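Engineer: Sequence and predicted model, in that order:
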Amino acid sequence: MATDLSTPSTPDTAERPLLDTLTAIRTRRAVKEYDPTPIPREWIEELLDAARWAPNHRLTHPWRFNVFMGEGREKLVKARQDAVRLQAQQKGKEVTPEELEFARQKVYSAPVLVIVSQVLSDDPITRKEDYAACWCAVQNFLLAATARGLASYPSTGAWIDQNTIGPVIGLPENEVPVACIFLGYSKAPTAAKRFSWERHTRWFDQAD
Ligand SMILES: Cc1cc2nc3c(=O)[nH]c(=O)nc-3n(C[C@H](O)[C@H](O)[C@H](O)COP(=O)(O)O)c2cc1C
């Protein structure tokens, strides 16, 4: 199926929502279906600004944000298809045209994709902390998006894990992807499922 690269009109920027923090936390959901409506660059910049305020031990600033939109997404098609080929090869199978087309469609399923990558420290503990900090940055981004009425979801998978992205976009040797954030408008219904916090909480308020 051909991918539609035409540019729909940008929405009116007036009267954007701004949810309070707890409402954004409670209402953020992983959304998988997006409208093709482009997102203005300054709106994405606001989310990136929120991301960088994530907690970060020793202020290593381990995160890098690689933003793909419009035809720039074509680079990610190659990365994602390379992962599909690699996986098939590892299983001793032939890659199918359907698998390659699914990879393409996933990339074009949202108007904006952000690959969050991590600069790898030589120190193993810092490396672990930095990975966590990168995910804190991802969550800040998702919550800011929710607060602004945008849908999103973070994803991982083989193409992130096996870093087929690095060679395609020229990531430095010491930098690896940790997540791909999908971002856009959506009218797709979502459902929240969580156990109560009581079920997973232990309280310690006595000496013995
Ligand atoms: C570390 C991490 C990796 C994830 N990877 C994927 C993924 O590869 N594909 C996907 O569809 N969702 C992925 N998700 C999203 C979760 O599936 C989603 O958060 C979960 O279903 C709960 O739904 P909710 O976020 O709407 O509450 C990931 C979430 C996290 C935290």
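Structural biologist: Received it, and whenever you're ready, just let me know what you need.
Engineer: Please identify which helix or strand holds the residue nearest the centre of the chain.
Structural biologist: Centre of the chain computed as the mean C-alpha position; nearest residue by Cα atoms, centre = their mean is Ile181, 1.4 Å away. Using DSSP states H and E, Ile181 falls within strand 175-184.
Engineer: about what we covered before: quick one: pLDDT of the residue nearest to the centre of the chain?
Structural biologist: pLDDT recorded at Ile181 is 99.
Engineer: ok, it to the ligand distance?
Structural biologist: Going from Ile181 to the ligand by Cβ to the nearest ligand atom, to the nearest Å gives 10 Å. Just so you know, the C-beta spots here come from the backbone N, C-alpha and C atoms, and that holds for glycine as well.
Engineer: from what I can see that residue touches Val138, true?
Structural biologist: Yes - with contact defined as Cβ atoms under 8 Å, Ile181 counts as touching Val138 (6.3 Å).
Engineer: Return every residue with contacts to both of these two.
Structural biologist: Counting by Cβ atoms under 8 Å, 6 or more residues apart in numbering, the contacts common to Ile181 and Val138 are Val116, Pro154.
Engineer: Quickly check: the helix or strand hosting Lys75 near the ligand or not.
Structural biologist: According to DSSP H and E, Lys75 maps onto helix 74-90. No - against the ligand, helix 74-90 shows no contacts by Cβ under 6 Å from any ligand atom, the least distance being 11.7 Å.
Engineer: in its sheet, what does the strand holding Ile181 sit against?
Structural biologist: Strand pairing for strand 175-184, determined by DSSP bridges: strand 112-119 (antiparallel), strand 151-155 (antiparallel).
Engineer: relative orientation of it and helix 74-90 in degrees?
Structural biologist: For strand 175-184 against helix 74-90, the angle by axes from the mean of the first three to the mean of the last three Cα atoms, to 10 degrees is 120 degrees.
Engineer: between the top helix by length along the chain and strand 112-119, how big is the angle?
Structural biologist: Ranked by residue count, the top helix of the chain under DSSP state H comes out as helix 124-147. For helix 124-147 against strand 112-119, the angle by the same axes, to 10 degrees is 160 degrees.
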